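Enquirer: fold the following.
(one chain, ligands or ions: 1)
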Amino acid sequence: MNASPNKVTIDLSALKYNLLKIRELVGKETRIMGIVKSDAYGHGLIPIARELEKLHIDSLGVDYISEAIKLRTGGVKTPVVVLLGISTPQESKNVVDYKLTPVIFDLDSARMLSEEGKKSGKTITAYLKIDTGMGRLGIDFQETGLFLKQLMGIKGIKIEGLFSHLSSADQQDNTFTKTQIKNFKDAISVSCKLGIELTMNNLANSAGIMRYKETHFDLVRPGIMLYGGLPCPGFADPPPLRGVMTFCSSVVQVREVEHGTPISYGRTFYTDGSRKIAIISAGYADGLSRSMSNKGQVLIHGQKTRIIGRICMNLTIADVTPIKGVKRGDRVFFLGMEKGNTITVDDMARWADTISYEALCSIGSRNKREYINEKEISQDS
Ligand SMILES: Cc1ncc(COP(=O)(O)O)c(C=O)c1O
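Expert: Modelled structure (predicted):
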């Protein structure tokens with residue numbers, strides 16, 4: 001993280017609002033696993049996990065054992081699911097010691113967990129990762145029966161539920177998602193026929209939660225929705241969500257420049273008429289995507305205005321000709337709301353030709369974070 005004056009603000013009341021929206025969508029019976037991997041998508045692992053715990057989230061999902069240990073040593077008691085499972089005996093010991101729930105997708109890790117369980121006399125509760133079409137981690141859904149039969153020969157492992165991931169639920173065309181749902185249901189019925197009782201089957205990410213009720217099963221796994229972002233820019237008919245992160249910087253210089261003045265590296269922009277420009281103290285080293293050069297916008301005095309020229313390592317230039325009285329030290333929002341105007345993370349993602357996930361992770365990990373509205377949550381819950 002750099003030592004810049006730029007600031008990320010995390011609004012914990014927005015996190016609460018988004019979780020309530022998710023609860024409304026999935027209903028009371030469906031459990032919720034809040035995905036807090038990658039430093040809670042740049043929002044801060046421990047503060048976000050603590051708030052979600054206060055809000056009675058059912059479980060938390062992280063990628064690595066190291067993140068799970070951070071949660072436990074940070075005082076988080078909620079069940080923690082390790083999405084990438086374990087790969088060494090030490091990690092399987094960590095599962096027992098820190099009371100973690102791993103995801104399993106091969107027999108080797110199941111054996112390691114079983115060994116560790118035997119030593120401590122404990123049954124290890126885990127999820128079984130099935131690939132229903134994502135083409136990533138997991139066992140092929142058609143091999144569910146075979147795998148489970150082998151797993152039944154390994155003592156001390158209890159599978160709570162099948163776990164799979166959707167690849168295309170954000171897209172308008174629902175054909176592939178319907179196929180994944182069918183494959184998942186097939187895998188569940190094979191498991192039932194083997195007499196395995198599954199109570200925590202789960203498939204839905206944020207896009208699944210918002211668009212396909214039939215993906216909710218026993219448990220859903222929202223990530224981006226919790227943080228107020230969408231699975232892709234232009235995602236159709238989202239529920240109302242509130243951005244949790246804002247990012248602001250400040251003006252370091254205001255200049256009047258003549259018609260035809262080249263702006264920034266590579267002279268990709270020449271002023272069209274005499275203009276007033278603001279030089280802002282944030283750039284790609286602070287997490288802004290360079291792809292927003294000549295495309296993105298900022299909010300100054302609550303007004304949106306365009307970014308001109310290339311975004312530099314720690315500086316960005318905006319055309320402030322239409323905005324009265326801009327001066328050195330004025331606040332500039334790259335992400336957030338001011339005087340009723342908003343730049344959302346999905347706006348940023350669209351300008352940068354990326355997704356909100358990437359924008360949040362890169363801004364959140366590179367700047368000082370301040371948390372607000374924590375009290376309100378503590379009092380309410
Ligand atoms: C396995 C798994 N489940 C759930 C999620 C959450 O997805 P989203 O942020 O789209 O809700 C992710 C994120 O990539 C994931 O990898």
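
Enquirer: contacting residues for the residue in the stretch 151-300 of the chain positioned nearest to the ligand?
Expert: Using C-beta to the nearest ligand atom, Gly223 is the residue of the stretch 151-300 of the chain that sits closest to the ligand, at 2.5 Å. Where you see a C-beta, it was placed from the backbone N, CA and C, and this is true even at glycine. Listed by C-beta atoms under 8 Å, 6 or more residues apart in numbering, the contact set of Gly223 reads 34-35, 37, 41, 61, 205-206, 357.

Enquirer: all strands of the stretch 201-350 of the chain, in order?
Expert: In the stretch 201-350 of the chain, the strands defined using DSSP state E, counting those that start in this stretch lie at 219-220, 245-257, 262-263, 269-270, 275-280, 297-300, 303-306, 316-319, 331-338, 341-343.

Enquirer: want to throw those into JSON lines with mean neighbour count?
Expert: Below are the strands of the stretch 201-350 of the chain laid out as JSON lines (neighbours: other C-beta atoms under 10 Å):
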{"stretch": "strand 219-220", "mean neighbour count": "24"}
{"stretch": "strand 245-257", "mean neighbour count": "19"}
{"stretch": "strand 262-263", "mean neighbour count": "18"}
{"stretch": "strand 269-270", "mean neighbour count": "16"}
{"stretch": "strand 275-280", "mean neighbour count": "21"}
{"stretch": "strand 297-300", "mean neighbour count": "24"}
{"stretch": "strand 303-306", "mean neighbour count": "17"}
{"stretch": "strand 316-319", "mean neighbour count": "25"}
{"stretch": "strand 331-338", "mean neighbour count": "21"}
{"stretch": "strand 341-343", "mean neighbour count": "17"}
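
Enquirer: can you lay out those strands as TSV showing distance to Met200?
Expert: Converted to TSV, these look like this (distance: least, C-beta to C-beta, whole Å):
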stretch	distance to Met200
strand 219-220	5
strand 245-257	30
strand 262-263	55
strand 269-270	53
strand 275-280	47
strand 297-300	43
strand 303-306	45
strand 316-319	46
strand 331-338	35
strand 341-343	37
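
Enquirer: Leu137: which of those is closest?
Expert: When these are compared for distance to Leu137 using C-beta to C-beta, the nearest one is strand 219-220, at 17.7 Å.

Enquirer: how far does that closest one sit from the chain's center?
Expert: 16 Å (C-alpha atoms, centre = their mean, to the nearest Å).

Enquirer: that one near the ligand anywhere?
Expert: No - Strand 219-220 lies out of reach of the ligand by C-beta under 6 Å from any ligand atom, never closer than 8.7 Å.

Enquirer: show me which residues of the stretch 1-150 of the chain are close to the ligand?
Expert: Close to the ligand, as judged by C-beta under 6 Å from any ligand atom, the stretch 1-150 of the chain has residues 35, 83.

Enquirer: so, low pLDDT: which residues of the stretch 1-150 of the chain?
Expert: Counting by pLDDT under 70, the stretch 1-150 of the chain contains low-confidence residues at 1-3.

Enquirer: any chance you could map the strands in it?
Expert: Counting by DSSP E, counting those that start in this stretch, the strands of the stretch 1-150 of the chain are 7-11, 31-35, 59-62, 80-82, 100-104, 124-131, 139-140.

Enquirer: can I get those strands in CSV including mean neighbour count?
Expert: Converted to CSV, the strands of the stretch 1-150 of the chain look like this (neighbours: other C-beta under 10 Å):
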stretch, mean neighbour count
strand 7-11, 21
strand 31-35, 24
strand 59-62, 24
strand 80-82, 26
strand 100-104, 23
strand 124-131, 25
strand 139-140, 16
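
Enquirer: I'd like to know which of the ones you listed is closest to Leu20.
Expert: Of these, nearest to Leu20 by C-beta to C-beta is strand 31-35, at 10.9 Å.

Enquirer: by how many degrees do that closest one and strand 100-104 diverge?
Expert: Orientation check (axes from the mean of the first three to the mean of the last three C-alpha atoms, to 10 degrees): strand 31-35 against strand 100-104 gives 90 degrees.

Enquirer: do the biggest helix by length in the chain and the ligand meet?
Expert: In terms of residue count, the longest helix belonging to the chain (DSSP state H) is helix 175-193. No - applying C-beta under 6 Å from any ligand atom, one finds helix 175-193 out of contact with the ligand, separated by at least 13.1 Å.

Enquirer: list the contacts of that helix.
Expert: Contacts of helix 175-193 (C-beta under 8 Å, 6+ apart): 130, 132-134, 141, 144-145, 148, 159, 162, 164, 166-169, 171, 198, 201, 203, 208, 211-212, 214-215, 217.

Enquirer: now do that helix against strand 124-131, angle only.
Expert: Using the same axes, to 10 degrees, helix 175-193 lies at 140 degrees relative to strand 124-131.

Enquirer: what about helix 175-193, distance to the chain center?
Expert: Worked out by C-alpha atoms, centre = their mean, helix 175-193 lies 26 Å from the chain centre.

Enquirer: check which residues of that helix are buried.
Expert: By 16 or more other C-beta atoms under 10 Å, the buried positions in helix 175-193 come out as 177, 180-181, 183-188, 190-191.

Enquirer: where does Gly364 land in three-state SS?
Expert: helix (DSSP: H, G, I helix; E, B strand; the rest coil).

Enquirer: isn't it up against Gly287?
Expert: Yes - Gly364 lies in contact with Gly287 (C-beta atoms under 8 Å); the separation is 7.3 Å.

Enquirer: in helices, which of the contacts of helix 175-193 appear?
Expert: Those of these lying in helices (DSSP H): 144-145, 148, 208, 211.
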